[in-house]
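**Q** quick one: sequence plus predicted model below, questions after.
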Amino acid sequence: MPEINLPDVVAELTAQFARYEKALTGNDVQVLDELFWNSPHTLRYGATENLYGADAIQAFRAGRPAQGLDRVILKTVITTYGHDFATANVEFQRIGSAKTGRQSQSWLRTPEGWRVVAAHVSLLG
């Protein structure tokens, strides 16, 4: 059984998640593309789209409007499993919206660094 929430691994993943969040709300597509694993095995289920593979995720990001991305994080749960795998789960609310959103990410340590290998975003009514 891997060790859960080793402090140094949690700190690493927390820093990468903060980097991701800044890139997401700032529409820094270059950083977002970097932080998703560049693999056909990567997937992202969005509020309105199912994206399979890094190419599809990158194409989505390139075509997405850059407005309305600001959000308030209501809760974040980061859990690490050993040294090389982690999950990050967030509840959020978009600025100007009454809907609560949920975001789940699975992160893997790769030779290039921590990368999102699977993600899911959904909205509650």
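**A** Received, thanks.
**Q** pretty sure Lys99 is touching Leu124, no?
**A** Yes. Lys99 lies in contact with Leu124 (C-beta atoms under 8 Å); the separation is 6.2 Å. To be clear about C-beta, it is placed using only N, CA and C from the backbone, and glycine gets the same treatment.
**Q** could I get the average pLDDT for the helix or strand hosting Arg19?
**A** Assigned by DSSP states H and E, Arg19 belongs to helix 7-25. Averaged across helix 7-25, the pLDDT comes to 97.
**Q** distance from it to the middle of the chain?
**A** Offset of helix 7-25 from its chain centre (C-alpha atoms, centre = their mean, to the nearest Å): 9 Å.
**Q** show me what that helix packs onto, helices and strands only.
**A** helix 29-35, strand 71-81, strand 85-94, strand 100-110, strand 113-123 (3 or more C-beta pairs under 8 Å, 6 or more residues apart in numbering; DSSP states H and E).
**Q** of all these, which one is nearest Asn50?
**A** strand 113-123 (9.9 Å; C-beta to C-beta).
**Q** residues contacting that closest one, please?
**A** Here strand 113-123 makes contact (C-beta atoms under 8 Å, 6 or more residues apart in numbering) with 12-13, 16, 20, 35-39, 41-47, 86, 99-109.
**Q** try it again with 6 Å
**A** 16, 35-37, 42-47, 99, 101-108 (C-beta atoms under 6 Å, 6 or more residues apart in numbering).
**Q** just the buried residues out of those residues, in PyMOL syntax.
**A** In PyMOL, this line selects whichever of the contacts of strand 113-123 come out buried by 16 or more other C-beta atoms under 10 Å:
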select buried, resi 16+35+36+37+42+43+44+101+102+103+105+106+107
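**Q** CA atoms only: put the helix holding Arg19 into CSV for me.
**A** The C-alpha coordinates for helix 7-25 follow below in CSV (Å, rounded to 0.1, in the frame of the first residue of the first chain):
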residue,chain,number,x,y,z
PRO,A,7,4.2,16.1,3.0
ASP,A,8,6.9,16.7,0.3
VAL,A,9,4.7,15.1,-2.4
VAL,A,10,1.6,17.0,-1.2
ALA,A,11,3.6,20.3,-1.4
GLU,A,12,4.8,19.4,-5.0
LEU,A,13,1.3,18.6,-6.2
THR,A,14,-0.2,21.6,-4.5
ALA,A,15,2.2,23.9,-6.3
GLN,A,16,1.4,22.3,-9.6
PHE,A,17,-2.3,22.6,-8.9
ALA,A,18,-1.9,26.3,-8.1
ARG,A,19,0.0,26.7,-11.4
TYR,A,20,-2.9,25.0,-13.2
GLU,A,21,-5.5,27.1,-11.5
LYS,A,22,-3.7,30.3,-12.4
ALA,A,23,-3.3,29.2,-16.0
LEU,A,24,-7.0,28.1,-16.2
THR,A,25,-8.4,31.4,-15.0
